[in-house]
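Undergrad: Let me see the structure of the following:
(one chain, ligands or ions: 1)
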Amino acid sequence: MTKSLQKIEHARLQFLEQGNMVEGVVNVTIAQSWQRSLNNGINAYAPLSTSTLATTELEKKRSKNHLLLTQATPEITTLYEQIAHSYSMVALTDAEGVILHSEGQHMLTDLAPSAILSPGYSWGENERGTNAIGTAIVEKQAVAVQGAEHFVEQLHGFSCYAVPIFGPNQQLLGTLNVSNAFSAHQQHTLALVKMAAQQIENRIFRACHQGPVQLHFHTSADFVGSAWEGMAVFSRQGELLAINRNGLTLAGLDCVPDHFEAMFLPSFKQVCSQAGDSILKLSLSNGDTIHGTLRIESDTSNTSPRVTAIRSSHAVTSNPLLASQSNDPRISEILAQAKLVMNQDIAILIQGETGVGKELLASAIHHSSVRAQGPLIAINCAALPEGLIEAELFGYEEGAFTGARQKGSQGKIEQADGGTLFLDEIGDMPLLLQARLLRVLQERSITPLGGSKARKLDFAVISATNQKLQDKVASGAFRKDLYYRLNGISLTLPPLRERQDLLGIVHHIMEAQGAGNLDIHDDVIQLFRQHPWPGNIRQLHNVLKTMLALAAGNPLRRQHLPPGFMDELGSYAPEQELANTTTITAGSIDDITNEAVKLALQHHEGNISAAARELGMSRNRLYRKLKALGLA
Ligand SMILES: Nc1ncnc2c1ncn2[C@@H]1O[C@H](COP(=O)(O)OP(=O)(O)OP(=O)(O)O)[C@@H](O)[C@H]1O
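TA: Reported below is the predicted structural model:
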């Protein structure tokens, strides 16, 4: 034991046994925390409890903190690579000190029970005494707690470093923590954790605050663009929409001003005229100089859509599908792939059963791509009015038809210029039109009906289907060349019964229905987990909506489930079989769906609309299903 460690150990014993603090051995933060721990009645010698939150509670917390989790995950991976040695772990906690996500905890299990290092364990100072996470939360600042500085003796083998993470409105969101074996601690760890926490804060700020005028600044020109820069977002009139914590400190502000001119001396108009990538000098009202870059997005409100290089990550994080990315590994993988290809001019084909969220994924991809400012034009290839399909898709020139709209009309494909063309239910695209569509996709230009001149277009293509396109290609119902053109990458969304983030989805839907705080009884969740969900998330939406109406503001219980739900469950979803979803084969899923269709029809005495509603299918799709079953 080094001399200073012995001193700390001695000071701690003296504090615990005699109640006096030896001066100059531990810093004020630790000394005050020891006092609080004592006042809170923490037993310094008893082993820590190993109980963690129940899985459902942890899932609830993770969904509640989805913005923090999504923005922190890449930084945690980088941080872990930076500090990786045999005895370290990284943990992200919420504002109460509960671990939401951790990496590397298995490295420390010879020092402590694995439960206390795992997601769901709470490190609140009032429960565990002085520790980096809990104390950083109380102090709202970075804290290092090494060896015997921990109040509880069991933790003396650790050195821990925690940094609080604040949200876009300066509210505490959680902490980022690194724990090492005390024998392996390194000088620079706290600096690395601070840097990663800052990067997370910046990501969250950017995700929440998109604005037409963005200022990045620092007192030193070298730090503009670094993790430590100030960021401020203004309206086109110069009103301050948001500013990050660094920005407030760098500009020497105690409170958030409401206008650019309350922060800086030059007029807003003057500074806007110099916007661009070069570094500007701005004078603060106290005479100090600030260096910064000002970017202004083009005003798209009255002009035709354009392609912009500014990423709208707000759409990513506020989108329920993307929000659930870290709770289901298959979804995370799909999103990671989508992010890699979305700005590369690669056509994306989204596959999956009805109601799994294909359209939502397409919209999320568009809104987080460089074309986010451009239009997202969706074409439902199964519902195009026959006879008008060509005109609808490709447009027509003035005089192309007699009657109708004499002036000509822009087709849907042309409307997607500068944005994304989303071809929904592409499997239903009539064969005759497939060749024409292929030409447009190859040439990225269009000649409207009755026109002679081709117009150049620039758009991304996403298509979606719940049919097996390859089978359609094999049977000649879908062109092979078009299939390959659309399938730059194929993303297959899993059905709801196979998703591990069911609870997170339930939570999002409840929130969207304004019932985020309402409890759901565990046996309902249990039944949800066992249900085959032939209509997937759309069906879950409908079931929850019905339950909310029946429960009239009370917690959701089994008796609020719609009758069809139990029928489906009872007839083909025995608990044992469905508990292990991996045993469901593609064939049996079809059987399940067919059974569900028959039951729903019986239940509603042949009323197609009511059956479709219960199944969470469109009427069109139900008709098709009935046809396939020989029932229509
Ligand atoms: N992760 C999610 N969280 C909450 N709601 C979701 C999620 N994913 C999808 N939804 C909702 O489920 C419903 C069905 O989604 P969507 O229309 O995207 O499915 P789809 O796969 O395109 O269906 P179809 O093949 O029938 O057109 C929508 O109301 C959508 O908002």
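Undergrad: C-alpha from now on. contacts and neighbour counts both.
TA: OK.
Undergrad: State the helix or strand in which K545 lies.
TA: Secondary structure from DSSP states H and E places K545 in helix 536-551.
Undergrad: Tell me how far that helix lies from the chain's centre.
TA: Here helix 536-551 shows a centroid-to-chain-centroid distance of 23 Å under the convention C-alpha atoms, centre = their mean, to the nearest Å.
Undergrad: Buried ones in that helix, by neighbour count?
TA: Neighbour counts over helix 536-551 (16 or more other C-alpha atoms under 10 Å) mark 536-545, 547-548, 550 as buried.
Undergrad: got a pLDDT number for the closest residue to the ligand within the stretch 51-200 of the chain?
TA: Of all residues in the stretch 51-200 of the chain, S63 sits closest to the ligand, at 10.9 Å by C-alpha to the nearest ligand atom. Note on S63: pLDDT of 78.
Undergrad: before we move on, the earlier item: run through the buried residues of helix 536-551 and flag the ones next to the ligand.
TA: Restricting the buried residues of helix 536-551 to those touching the ligand (C-alpha under 6 Å from any ligand atom) yields I537, R538.
Undergrad: which stretches of the stretch 151-300 of the chain aren't confidently modelled?
TA: Along the stretch 151-300 of the chain, the model assigns pLDDT under 70 to residues 277, 298-300.
Undergrad: Please enumerate the strands of it.
TA: With DSSP state E, counting those that start in this stretch, the ranges of strands along the stretch 151-300 of the chain come out as 158-166, 172-181, 213-218, 230-234, 240-243, 280-283, 289-296.
Undergrad: do the same with the stretch 351-500 of the chain
TA: Here the stretch 351-500 of the chain has its strands, by DSSP E, counting those that start in this stretch, at 376-380, 395-396, 409-410, 420-424, 445-446, 455-456, 460-465, 489-492.
Undergrad: possible to save those strands as JSON lines with mean pLDDT?
TA: JSON lines is the format used below for the strands of the stretch 351-500 of the chain (pLDDT from 0 to 100):
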{"stretch": "strand 376-380", "mean pLDDT": "87"}
{"stretch": "strand 395-396", "mean pLDDT": "72"}
{"stretch": "strand 409-410", "mean pLDDT": "70"}
{"stretch": "strand 420-424", "mean pLDDT": "93"}
{"stretch": "strand 445-446", "mean pLDDT": "84"}
{"stretch": "strand 455-456", "mean pLDDT": "84"}
{"stretch": "strand 460-465", "mean pLDDT": "95"}
{"stretch": "strand 489-492", "mean pLDDT": "92"}
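Undergrad: As a markdown table, those strands with mean neighbour count and distance to the ligand would be great.
TA: Converted to a markdown table, those look like this (neighbours: other C-alpha atoms under 10 Å; distance: least, C-alpha to the nearest ligand atom, whole Å):
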| stretch | mean neighbour count | distance to the ligand |
| --- | --- | --- |
| strand 376-380 | 19 | 9 |
| strand 395-396 | 24 | 25 |
| strand 409-410 | 16 | 25 |
| strand 420-424 | 25 | 7 |
| strand 445-446 | 20 | 27 |
| strand 455-456 | 12 | 29 |
| strand 460-465 | 26 | 6 |
| strand 489-492 | 19 | 10 |
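Undergrad: could those be laid out in CSV, adding distance to L215?
TA: Conversion of the strands of the stretch 351-500 of the chain to CSV gives the following (distance: least, C-alpha to C-alpha, whole Å):
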stretch, distance to L215
strand 376-380, 28
strand 395-396, 42
strand 409-410, 38
strand 420-424, 29
strand 445-446, 38
strand 455-456, 35
strand 460-465, 30
strand 489-492, 37
